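**Student:** This is a predicted model, with the sequence first.
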Amino acid sequence: MKEQCTESNDFFKRIYKTGKLIEFDEKSKIVFISDVHRGDGGYADSLRQNRNIYKAALGFYYENGYTLIELGDGDELWKNKDCLDIAYNYKEVFSMLNDFYDDNRLCLVYGNHDIVKANPEFIKRQERLFANAGNGFGREMINLYSNITFYEGVILRYMPSKEDIIAFHGHQVDFINCEMWKTSRFLVRHVWRFMEGVAGFKPPTSPASNYDKGTKIDHILGHLARKEKKVIICGHTHNDIFPEADEGIYFNDGCCVFPSAVTCIELTGGKISLIKWAIEVDSKDVLYINKTIIGGPENLEKYFYYAKQF
């Protein structure tokens, strides 16, 4: 499958046709983590400051039996043209992702910053690059990416009521980062990346760096959820969103790149929760990584009922 990015009325149907179907119930444990932006370890690597928080979260979810859905932009492939430096700098992370995969508890969705993963030729090019590097370089990443399927979206079917949750990255309703993603990638890779390193400049095309743009995209996604009468979970804007059960049916899991914090969404016990992982200080001035529920937990059935009212 080639890299696809077309307007919302097309992609929603496409996800139902080509997306991964995951059936779950009140005994299931699922976590959505997006916008990780694993980079090259340098000044432009947005995850660098939070890598230990991210690893702690992955470790918790693996040990506690969660299925991990990486909801797009797992790797920063706009700033980086290949995966070599990413594989080197996040070797231990890819070992953890392989553990999820080996247990059949991993689903990878691509976003705009890693949309190239939708094209099998990109993965083949990475295989050749890693083979040329020799000495088993990057085997943790390449073993995973050569065997797993990358999806545009996921349909999560809650079996007690047969209601669906649709999960995708969210860039599909963002013209600059969808239809014009190649142009945006060029600007990020050759202009904004270096300006970010020199003066902390943030790319204006990114909803994560432009609050007004991010809010607009969230509004569009909320409207789409109401139009389709479906609960939707996305990433992309980096804005964590958790509506009350009678206020909305669009959720956003946030991101992994805000200062000293990672946010994600959990589905467990038939309920949905917004989670924050952050570095805290205890009474003895010792740093530790803390997990906090900042939204919910709320019964999924309430949102399914509300979705039918539109």
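**Tutor:** Received the coordinates, thanks.

**Student:** Tell me where the stretch 151-300 of the chain has helices.
**Tutor:** Along the stretch 151-300 of the chain, counting by DSSP state H, counting those that start in this stretch, helices occupy 181-187, 193-199, 211-228, 300-307.

**Student:** ranking those by mean pLDDT, which is last?
**Tutor:** Among the helices of the stretch 151-300 of the chain, helix 193-199 has the lowest mean pLDDT, at a mean of 47.

**Student:** For the residue nearest the centre of the chain, give me its contacts.
**Tutor:** The residue lying closest to the centre of the chain (C-alpha atoms, centre = their mean) is Ser34, at 1.9 Å. Going by C-beta atoms under 8 Å, 6 or more residues apart in numbering, Ser34 touches 70-74, 109, 111, 169, 234-236, 253-256. All C-beta atoms are positioned from the backbone trio N, CA, C, and that covers glycine.

**Student:** and which of those is nearest Phe310?
**Tutor:** Ranked by distance to Phe310 (C-beta to C-beta), the contacts of Ser34 are led by Cys234 at 17.8 Å.

**Student:** which stretches of the stretch 201-310 of the chain aren't confidently modelled?
**Tutor:** 201-214 (pLDDT under 70).

**Student:** What is the neighbour count of Gln278?
**Tutor:** I think there's a mix-up here, since residue 278 is Ala and not Gln. By the criterion of other C-beta atoms under 10 Å, Ala278 has 18 neighbours.

**Student:** do the same with Lys13
**Tutor:** 10.

**Student:** Shouldn't it be within a helix?
**Tutor:** Yes - under DSSP: H, G, I helix; E, B strand; the rest coil, Lys13 sits within a helix.

**Student:** That one and Glu228, how far apart?
**Tutor:** From Lys13 across to Glu228, the span is 10 Å (C-beta to C-beta, to the nearest Å).

**Student:** residue contacts, Thr295?
**Tutor:** In this structure residue 295 is Gly, not Thr. Asp240, Phe242, Ser273, Leu274.
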